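**Q** give me a model of this one.
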Amino acid sequence: MTAIKDLLYVRFEIEDLVRQTQFLTDFGFEVSREENRLLARGYDSAPYIYIAEQAKGQAKFKGTGFEALTQSELERIAAIDNVAIENIDLPGGGLRARMVDPDGNEVDIVYGVSQASKLPPPFRPPFNQEDQDSPRQGQRVSFTATAPSIKRLGHCVLNVTNFRISETWYKERIGFITCDEIYIGNAEKTLGTFMRLDRGEEYVDHHTLFLVGAGHSKFNHAAFEVCHWDYIMQSHHFLAQKGYGQRWGVGKHVLGSQVLDYWKDPFGFTLEHFTDGDLFNRSFGSHKQPIEKLLAVHWGPEGSP
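**A** This is a model prediction of the structure:
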């Protein structure tokens, strides 16, 4: 079993932090600004789930951060690459080991980050559904405009130069197991893999990291879980009215089952809103799926981010 709790944050260098602050606020984060960086959080207890530092040149993706359940796990992973463990100079403190993956992305393993107080999530009355005896009775649907509306970071997708090398690197350190391996044409021609954390009988997201063997290194997207289905639709129209560029959605994935909506930030990075994703434990096993399943949706536009 892995001793990694979850994916905690993604990191970027951004040219214009003022402009990015506005986008992230519009996207549903609570954003705090320091002189040369900004931190964005959701309403869950993580003090930050998105970090942007002032770029010295062009904007770029820097890397990811995973939270260890124990200090011994932090020390085990740090020892693999013989990297130092250092104090974190961010809210919540804690310890960090920073490694570099085969494509040059920085991968942090952190431990001991103090949790922030949870924030009140936006409220939506219960759904009236046929099999639930219509729990919303004598009440209109209404919404609270609470910020933030994002709960947490769910997963990250990376295009990688050599899929098998990157897959081995992440599995050795993070303890991922394959959920759905994607192939093109025949089952031996692998494109990439959806990987989930191995927490034994505990249910976890369908995937926390998806590696795509694209033959080059590039950030693909990061996905953030939101408060409810209606918020995806509300935000979809709000972001369109604000003039941001949509990438894909609204739709519902076949693999992972998430309701999806992908948007580009002002610097070309893709961030996703999602809700209603699948949860599996070790007994679900590992599977192989054709690329058609990767691109397929239960409803909504077909395509890919």
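**Q** residue boundaries of the helices in the stretch 151-300 of the chain?
**A** Using DSSP state H, counting those that start in this stretch, the helices of the stretch 151-300 of the chain run over 163-174, 229-241, 291-295.
**Q** which other residues reach the shortest one?
**A** Judged by CB atoms under 8 Å, 6 or more residues apart in numbering, the contacts made with helix 291-295 from elsewhere in the structure are Asp180, Ile182, Tyr183, Ile184, Leu191, Val254, Leu255, Glu302, Gly303, Ser304. Placement of C-beta: from N, CA and C, glycine included.
**Q** follow-up on the earlier one: save the helices of the stretch 151-300 of the chain as CSV, and put in distance to Phe219 and mean pLDDT too.
**A** CSV is the format used below for these (distance: least, CB to CB, whole Å; pLDDT from 0 to 100):
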stretch, distance to Phe219, mean pLDDT
helix 163-174, 13, 97
helix 229-241, 20, 94
helix 291-295, 18, 93
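**Q** do you know which of the ones you listed lies nearest Phe123?
**A** helix 229-241 (10.8 Å; CB to CB).
**Q** check which helices and strands that closest one sits against.
**A** In terms of contacts (3 or more CB pairs under 8 Å, 6 or more residues apart in numbering; DSSP states H and E), helix 229-241 is packed against helix 17-27, strand 245-253, strand 259-264, strand 270-275.
**Q** what's the distance between Gln20 and Phe27?
**A** 10 Å (CB to CB, to the nearest Å).
**Q** do His206 as well
**A** Per CB to CB, His206 is found 23 Å from Phe27.
**Q** repeat that for Gly93.
**A** 27 Å.
**Q** quick one, which of the contacts of helix 291-295 are buried?
**A** Buried members of the contacts of helix 291-295, counted by 16 or more other CB atoms under 10 Å: Asp180, Ile182, Tyr183, Leu191, Leu255.
**Q** check which residues of stretch 38-58 are buried.
**A** Neighbour count says stretch 38-58 has 38-44, 46-52, 55 buried, by 16+ other CB under 10 Å.
**Q** returning to what we had before: the helices and strands packed on helix 229-241: which one's closest to Arg136?
**A** strand 270-275 (18.3 Å).
**Q** helices or strands next to the closest one in the packing?
**A** Short answer (3+ CB pairs under 8 Å, 6+ apart): strand 270-275 packs on strand 218-226, helix 229-241, strand 259-264.
**Q** mind putting these in CSV, distance to Glu202 and mean neighbour count included?
**A** CSV is the format used below for the helices and strands packed on strand 270-275 (distance: least, CB to CB, whole Å; neighbours: other CB atoms under 10 Å):
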stretch, distance to Glu202, mean neighbour count
strand 218-226, 17, 22
helix 229-241, 25, 16
strand 259-264, 24, 22
